[in-house]
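K.L.:
Provide a 3D model corresponding to the input given below.
(chains A, B, C and D)
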2 protein chains.
Amino acid sequence: MIVNKLRELRDVKMSESDTSEIWTQEGLAKRLGVTRQTIISMEKGTYNPSLALAFKLANLFGVKIEDIFEFRGDKSES
Amino acid sequence: MIVNKLRELRDVKMSESDTSEIWTQEGLAKRLGVTRQTIISMEKGTYNPSLALAFKLANLFGVKIEDIFEFRGDKSES
DNA sequence: TTTAAATGTAAAGTCTACTTTACGTATAGT
DNA sequence: ACTATACGTAAAGTAGACTTTACATTTAAA
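P.N.:
The predicted structure is shown next:
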């Protein structure tokens, strides 16, 4: 199981920048090359994105993958 | 596109440990909870594993995800 | 030279990340 | 009140990660 801090990180970015449409779900989706639905699903948190998408997110937010995603191996694996 | 150092890392582990069957493709697959085919596909390199699998690998090898996988965003994205 | 362990390949099947479309709600500006 | 923007939800479809099975090749030890 994987948990993430996507929503928190995005909220910070939105409050920081005045050109805020860059960090909306849609703006983020566009820059990642995915759909808004994918962002929504990720923020809801119960799924396991691809490594490529995780790398792109980390790059956009300027952090490491481990700063966004946390792996909890304990429960029913995946 | 994602490239990885899986094969090199595994080779090192195999030469280091005398109970080497732990680090064979099959041993590794078993401990990861995937099949040997998945390991082979990853070592061939042309695919994009899930974040969960990347985390498990990093844990087993005792390194960070970024030490195994490198993201090359330049080419045809994914 | 035979045997077994480790690796390689190929092809069809399953599951789920991700897409597409469409509609619904909340909020703020005019 | 009306409009536009950002967010939420649901459902069916596509693509690719991962499985399953089966067989072939390499390597080293007995």
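
K.L.:
so how many other residues sit close to the residue nearest to residue A:40 when sequence neighbours are not counted?
P.N.:
Nearest residue to residue A:40, sequence neighbours excluded (CB to CB, 6 or more residues apart in numbering or on different chains): residue A:25, at 6.5 Å. Backbone N, C-alpha and C define where each C-beta goes, glycine included. For residue A:25, the neighbour count with other CB atoms under 10 Å in any protein chain shown is 17.

K.L.:
Centre of the chain to stretch A:19-32, how far?
P.N.:
Counting by CA atoms, centre = their mean, to the nearest Å, stretch A:19-32 is centred 12 Å from the centre of its parent chain.

K.L.:
what's the answer for stretch A:7-25, then?
P.N.:
12 Å.

K.L.:
pLDDT on it, on average?
P.N.:
Averaged over stretch A:7-25, pLDDT sits at 87.

K.L.:
okay, how far is it across that stretch, tip to tip?
P.N.:
Length of stretch A:7-25, first residue to last, CA to CA, to the nearest Å: 10 Å.
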